[in-house]
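> what's the 3D shape of this:
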Amino acid sequence: MFWKILIVLAISMIPLVELRGAIPIAVGMDLGLPEWVVLITAIIGNIIPVPFIFFFARKFLEWGSKKPWKPLKQFCNFCLKKGEKGGKKLLKKTGNYGTYFALFLFVAIPIPGTGAWTGTLAASILNLDFKKTMFSIITGILVAGLIMLLVSLGLFKWLLG
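Purely as a prediction, here's the structure:
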């Protein structure tokens, strides 16, 4: 059972896959884990990288933007400029607390390209408040986890038809 839990934990820590992939994979592979164990493990695995991304992503991008290796420099500059431009636009539209609600929704709605990694990276680039960001990201992860578990178990299919 330990190795099966470790598999779910590891998958949920992978960028872009996160718990959006870990839960359906665990349910689809029929690992023999109770659904609540899969959900909690995936949530924990998705939360683990968040503080590291928040505190180190912007520093890495700033560091990389000053390096002589052209591809790294271009990538880091692109991410910083794009993130800051989009962030300023978002802050202007949503205001301070609206930004955190938008961040919550971005993480909570399990569609491709959204999730804790991307949301935390955006928060890091925007220099948002750590505690408010963590609250928004973690509540978004909880909602996304519940949605993915329901979808994986086929409850929406059953409810709709």
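
> switch to C-alpha atoms for all contacts and neighbour counts from now on
Noted.

> grab the most central residue of this protein for me.
By CA atoms, centre = their mean, the chain has its centre lying nearest to Ala116, at 1.3 Å.

> which residues does that residue contact?
Ala116 makes contact with Glu18, Asn46, Ile47, Val50, Val107, Ile137, Gly140, Ile141 under the criterion CA atoms under 8 Å, 6 or more residues apart in numbering.

> how far away is it from Gly64?
22 Å (CA to CA, to the nearest Å).

> and the longest helix seen in the chain, how far out from the chain's middle?
Using DSSP state H to define each element, the chain has its longest helix at helix 70-108. Centroid separation between helix 70-108 and its chain, computed with CA atoms, centre = their mean, to the nearest Å, is 14 Å.

> do stretch 67-80 as well
For stretch 67-80, the distance to the chain centre is 23 Å (CA atoms, centre = their mean).

> quick one: buried residues of that stretch?
Neighbour-count burial for stretch 67-80 flags Leu72, Lys73, Gln74, Cys76, Asn77, Cys79, Leu80 (criterion: 16 or more other CA atoms under 10 Å).

> mind putting those residues into TSV with distance to Phe130 and pLDDT?
Output for these, formatted as TSV (distance: CA to CA, whole Å; pLDDT from 0 to 100):
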residue	distance to Phe130	pLDDT
Leu72	27	92
Lys73	27	92
Gln74	27	93
Cys76	22	91
Asn77	23	91
Cys79	20	84
Leu80	19	85
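
> out of the residues you listed, flag the one nearest to Gly98.
Distance to Gly98 across the buried residues of stretch 67-80 (CA to CA) is lowest for Leu80, with 22.0 Å.

> buried stuff in stretch 127-143?
So, applying 16+ other CA under 10 Å, buried residues of stretch 127-143: Leu128, Lys132, Thr133, Met134, Ser136, Ile137, Ile138, Thr139, Gly140, Ile141, Leu142, Val143.

> circling back to that earlier point, I'd like the next helix or strand past the longest helix of the chain.
Per DSSP states H and E, the first helix or strand lying C-terminal to helix 70-108 is helix 116-125.

> which strands or helices does the helix or strand just after that following helix pack on?
Per DSSP H and E, helix 116-125 leads on to helix 130-153 as the next helix or strand towards the C-terminus. Packing partners of helix 130-153 (3 or more CA pairs under 8 Å, 6 or more residues apart in numbering; DSSP states H and E): helix 18-28, helix 35-47, helix 50-64, helix 70-108, helix 116-125.
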